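>>> The amino acid sequence is not available; the structure is as follows:
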């Protein structure tokens, strides 16, 4: 049973099983290139567009792997999570496809648009106060009431194996990559990337990108142990969460480096990518490009896969708009 | 010589020649689908993403076909056009790739960003006053001074044959289409679509979409002769120009219908497409979706190719922003 496995037990077979399991429920997302960004960076960049993914983000890979890996008996009790972001959307989407309940604990202060989107995919929201204490208490109640299976947004090995299918696809789509780069928050995508590449292409460098203002992964990486930040403030709101033991396993072993960028660099990279590549992506997705532009010497002359993680943004509140 | 041909003389051979000629200079753009829009419309929609095209719009197909079809002797004198939009960008791009001059007459009141973009691709701008009289006078001078070859934004058969490669690609990418729809301004894209489909797939319906407030093509279509609007006001700024004899030839013979949408419907469709499909596209590109949503009975149950024509927008002036 995959749900009895821990991070260090994960193998390529888990990734292959995930790929087969989730294929009917996700998009094989396209890879875009840009002569402009190649000229600007001196690298050859391949953008893996998970912003075009079902539910708008790569998170649907891990969520679908967890949901469709459940026994019928387990599935009947539904799944549960706490998240106000893409994982909540993705888990609701996957549960809806399987026809099982999805319980989501969200702070009552979360934007109405996000709640509406979760409900739109069939998620059942239980509100909590915007504090960790309240969230944990409310979530414990929901779990006790429903016996629903908890699917953690990133520390769950089923989720990591699901996210690993993204780099697997990218390897199939682009030959001869020298490096991959993705944003890092809790480390689910980066861990999946490490899982795939450590088996299939250990020569490919793995860079994780995060905001200067939420650089807990960079500090953890340098310190050699998890450093959790209390309440980081950054426009890249998908990247505020800390590493956990299953993602730290991969980050500590297989990541080449963790690079960071300032808020302004992130906003500039985001706007430039929208302008030149004509894609809608979240601030978090701009962090890799921001770090590439800050560290051109690291990437120059290399073929680099850049994972564009998601596209769920509020078009009425773009960071370059005057408020 | 293709440049001695008129619209009615164009054949499938011209399209095939264009496809081979421009292949090294353009993207084969991807086709995206959206479960959300399929459910919303009851149709099966295939979005041909020319917003990801070189220079940000389909116009580079026609411009490249004109530029790379020139004899060396002709090419040495360069090309010229008057346009403040995507054709100016595209012709500058294509001329730059061939290493020949591109002269663009633009109103001095055109946004600095557009002038900068044209110059960025190597275009040489001559400014005129923002009037037809001034534009024609200045353009005549530029042509006299340079002997550059005039490449009209849409009435030029070389341009029409180039635009025709878009629907050719879409036919290769998607089987069993029942209809295609594209915005109509001067009619270059629609004429190219007619050219391709009338030869290869005459059973596929062809819809042209335009703003209520610039419905000269719809009125022309119903009247049976070209009606040119004097100065239409619409957010879909690529669609203000009138039909000309070579595009009218195709529109009058092969178009199934011309559908229209209001300004608010266009803005709503644009925002909804950005939100759900995560692509940056121009207001003009939203007109087809707006007309599909206004006329669901026309498209329900059909497989419809929707041409997303371009993605060059000012991110600081989105139509849903408060100014």
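Thanks, I have the structure now. No experiment lies behind these values; they were computed from the predicted model shown.
>>> Please pull out the lowest mean pLDDT helix or strand from chain A.
Of all helical and strand segments in chain A, the minimum by mean pLDDT, DSSP states H and E falls on helix A:112-120, at a mean of 89.
>>> Next, the angle helix A:112-120 makes with the helix or strand following that one.
Moving toward the C-terminus from helix A:112-120, the next helix or strand (DSSP states H and E) is strand A:124-128. Angle between the axes of strand A:124-128 and helix A:112-120 is 140 degrees (criterion: axes from the mean of the first three to the mean of the last three Cα atoms, to 10 degrees).
>>> May I have the secondary structure class of residue A:180?
Secondary structure, DSSP: H, G, I helix; E, B strand; the rest coil: residue A:180 is strand.
>>> correct me, but residue A:98 touches residue A:75?
Yes: with contact defined as Cβ atoms under 8 Å, residue A:98 counts as touching residue A:75 (6.2 Å). Using the backbone N, CA and C atoms, a C-beta is placed for each residue, glycine as well.
>>> what touches both of the two?
Shared contacts of residue A:98 and residue A:75, defined by Cβ atoms under 8 Å, 6 or more residues apart in numbering or on different chains, are found at residue A:67.
>>> ok, back up a step: distance from the least confident helix or strand of chain A to the middle of the chain?
Between the centre of helix A:112-120 and the centre of its host chain there is 19 Å, according to Cα atoms, centre = their mean, to the nearest Å.
>>> can you check stretch A:305-314 too?
9 Å.
>>> Please apply the same query to stretch A:315-323.
Distance, centroid of stretch A:315-323 to centroid of chain: 23 Å (Cα atoms, centre = their mean).
>>> Just the buried residues of it, please?
The neighbour-count check on stretch A:315-323 (16 or more other Cβ atoms under 10 Å in any protein chain shown) flags A:318-319 as buried.
>>> Distance check, the residue in the stretch 51-200 of chain A that chain B sits nearest to against residue B:279.
Nearest residue of the stretch 51-200 of chain A to chain B, counting by Cβ to the nearest Cβ: residue A:51, 4.5 Å away. Separation of residue A:51 from residue B:279 (Cβ to Cβ, to the nearest Å): 9 Å.
>>> Name the residues contacting each of those two.
A:279-280.
>>> Count the residues that sit near the nearest residue to residue A:156 once chain neighbours are set aside.
Ranked by Cβ to Cβ, 6 or more residues apart in numbering or on different chains and with sequence neighbours excluded, the top spatial neighbour of residue A:156 is residue A:66, at 6.3 Å. Number of residues near residue A:66 (other Cβ atoms under 10 Å in any protein chain shown) recorded here: 30.
>>> what's the following helix or strand after the helix or strand hosting residue A:66?
Using DSSP H and E, residue A:66 falls within helix A:59-69. As assigned by DSSP H and E, the chain's next helix or strand after helix A:59-69 is helix A:72-76.
>>> For residue A:117, which non-adjacent residue is spatially closest?
Using Cβ to Cβ, 6+ apart and skipping residues adjacent in sequence, the residue nearest residue A:117 is residue A:89, 5.8 Å away.
>>> Kindly report the same for residue A:265.
Nearest residue to residue A:265 in three dimensions, chain neighbours excluded: residue A:290, at 4.2 Å (Cβ to Cβ, 6+ apart).
>>> try residue A:216
Leaving out its chain neighbours, the residue that sits closest to residue A:216 by Cβ to Cβ, 6+ apart is residue A:229, at 4.0 Å.
>>> Quick one: residues contacting that neighbour.
Residues near residue A:229 by Cβ under 8 Å, 6+ apart: A:214-216, A:240, A:242.
>>> one step back: just checking, the residue nearest to residue A:265 touches residue A:212?
No: using Cβ under 8 Å as the test, residue A:290 is too far from residue A:212 to be in contact (9.8 Å).
>>> between the two, which one's more packed in?
residue A:290 (29 against 18).
>>> Following the chain onward from the helix or strand containing that one, which element is next?
For residue A:290, the enclosing helix or strand under DSSP H and E is helix A:283-294. Scanning forward in sequence from helix A:283-294 by DSSP H and E, the next helix or strand is helix A:296-299.
>>> quick one, phi/psi of residue A:131?
Backbone torsions for residue A:131, taken as degrees, to the nearest 10, come to phi -140, psi 160.
>>> Which pLDDT does the model give it?
Looking at residue A:131, its pLDDT stands at 84.
>>> Output the below-cut-off pLDDT ranges for chain A.
By pLDDT under 70, the low-scoring segments of chain A are A:1-4, A:323.
>>> what secondary structure does the residue nearest the centre of it sit in?
Chain A has residue A:189 as the residue nearest its centroid, 4.8 Å off, counting by Cα atoms, centre = their mean. Here residue A:189 takes the helix state, with states given by three-state DSSP.
>>> need the contact list for it.
Counting by Cβ under 8 Å, 6+ apart, residue A:189 has contacts A:58, A:163, A:166, A:182-183, A:307, A:309.
>>> any idea how far it is from residue A:48?
10 Å.
>>> same thing with residue A:296?
Counting by Cβ to Cβ, the gap from residue A:296 to residue A:48 is 21 Å.
>>> From the neighbour counts alone, determine which of the two ranks first.
Applying other Cβ under 10 Å to residue A:296 and residue A:48 shows that residue A:48 carries more neighbours, namely 25 against 12.
>>> Now do the contacts for that one.
A:29, A:31, A:166, A:169-170, A:173, A:305-308.
>>> Could I get the contacts of residue A:189 in TSV, plus columns for secondary structure?
What follows is these, written out as TSV (three-state DSSP):
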residue	secondary structure
A:58	coil
A:163	helix
A:166	helix
A:182	strand
A:183	strand
A:307	strand
A:309	coil
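>>> May I see those residues arranged in CSV, with neighbour count and distance to chain B as well?
Shown next, in CSV, are the contacts of residue A:189 (neighbours: other Cβ atoms under 10 Å in any protein chain shown; distance: Cβ to the nearest Cβ, whole Å):
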residue, neighbour count, distance to chain B
A:58, 31, 13
A:163, 33, 19
A:166, 26, 16
A:182, 29, 17
A:183, 30, 16
A:307, 27, 14
A:309, 30, 12
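>>> so of the contacts of residue A:48, which ones are in strands?
Among the contacts of residue A:48, the members falling in strands are A:31, A:305-308 (criterion: DSSP state E).
>>> Could you dump these into a markdown table with distance to residue A:102 added?
Shown next, in a markdown table, are the ones in strands among the contacts of residue A:48 (distance: Cβ to Cβ, whole Å):
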| residue | distance to residue A:102 |
| --- | --- |
| A:31 | 30 |
| A:305 | 31 |
| A:306 | 31 |
| A:307 | 25 |
| A:308 | 25 |
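>>> before we move on, the earlier item: since we're on the closest residue to the residue of the stretch 51-200 of chain A closest to chain B other than its chain neighbours, how many residues are nearby?
The spatial neighbour of residue A:51 that comes closest, neighbours along the chain excluded (Cβ to Cβ, 6+ apart), is residue A:311 at 3.0 Å. Using other Cβ under 10 Å, residue A:311 is surrounded by 24 other residues.
>>> wait, isn't residue A:311 in contact with residue A:57?
Yes: contact criterion Cβ under 8 Å: residue A:311 and residue A:57 qualify, at 7.1 Å.
>>> Quickly note the distance from residue A:250 to residue B:218.
In terms of Cβ to Cβ, residue A:250 sits 58 Å off from residue B:218.
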